[in-house]
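Asks: here's a sequence, model it:
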Amino acid sequence: MFEIEYFHEGVLHVIESWPVDVLADYAHLIELLMEHGPDLRLPHSRALGEGLFELRPRGRAGIGRAFYCFAVGKRIVILHAFIKKTRQTPERDLNVARRRLKELKSA
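Replies: Numbers count the residues shown, from 1 in each chain. Below is the predicted model:
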C-alpha cells in the first residue's frame, strides 16, 4: 500500500475546495492509486513523462487534475492540483508541477 503526501498544505486546500462530486471521485481515485501505485492507468491516471503523472477525477461540476510523482518508500507526492477550464491542460499548471518535481528530486 502506498502513502499519499502533499507537496505543501496549499495543494490539499485547493483539492478540498473542489466541487463535491469531483472531490468524491478524487477520493475514490486516491484509494485506487494507493492500492495499485504505478499500475493505475487510463482513464484514471496518465503518465506525462520524466516521473510525472496526472490523476484524472471528474464530476458533473467539472474535471480536476492532480499531478503527482512517486517517491522513495512507497510514497506518492501530490505536487499540484487544479480544476480544468479548457480541454487542454494549461502549460502554466504543467510547469508548476514540473518545477515542484525537480525541487523534490534535488532535495
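
Asks: all strands for this protein, in order.
Replies: Shown for the chain, the strands assigned by DSSP state E span residues 3-6, 45-49, 52-55, 58-59, 62-71, 75-84.

Asks: to I15, which of these lies closest?
Replies: Closest to I15 of the strands of the chain, according to C-beta to C-beta: strand 75-84, at 5.0 Å. (C-beta placed from N, C-alpha, C; glycine too.)

Asks: for the closest one, what is the average pLDDT?
Replies: The average pLDDT within strand 75-84 is 97.

Asks: which strands and helices sit next to that strand?
Replies: Applying 3 or more C-beta pairs under 8 Å, 6 or more residues apart in numbering; DSSP states H and E, we find strand 75-84 packed against strand 3-6, helix 9-16, helix 20-36, strand 62-71, helix 91-106.

Asks: what's near enough to touch the most centrally placed residue in the chain?
Replies: Centroid-nearest residue in the chain, with C-alpha atoms, centre = their mean: A66, separated by 2.4 Å. Counting by C-beta atoms under 8 Å, 6 or more residues apart in numbering, A66 touches I15, Y26, E54, L55, P57, I78, H80, A81.

Asks: I figured the second one hits W18, correct?
Replies: Yes: in terms of C-beta atoms under 8 Å, Y26 counts as a neighbour of W18; the distance is 6.8 Å.

Asks: looking at those two, which is more packed in?
Replies: Y26 (24 against 21; other C-beta atoms under 10 Å).

Asks: one step back: now render the contacts of A66 as CSV, adding distance to L40.
Replies: Conversion of the contacts of A66 to CSV gives the following (distance: C-beta to C-beta, whole Å):
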residue, distance to L40
I15, 17
Y26, 13
E54, 11
L55, 8
P57, 12
I78, 14
H80, 18
A81, 17
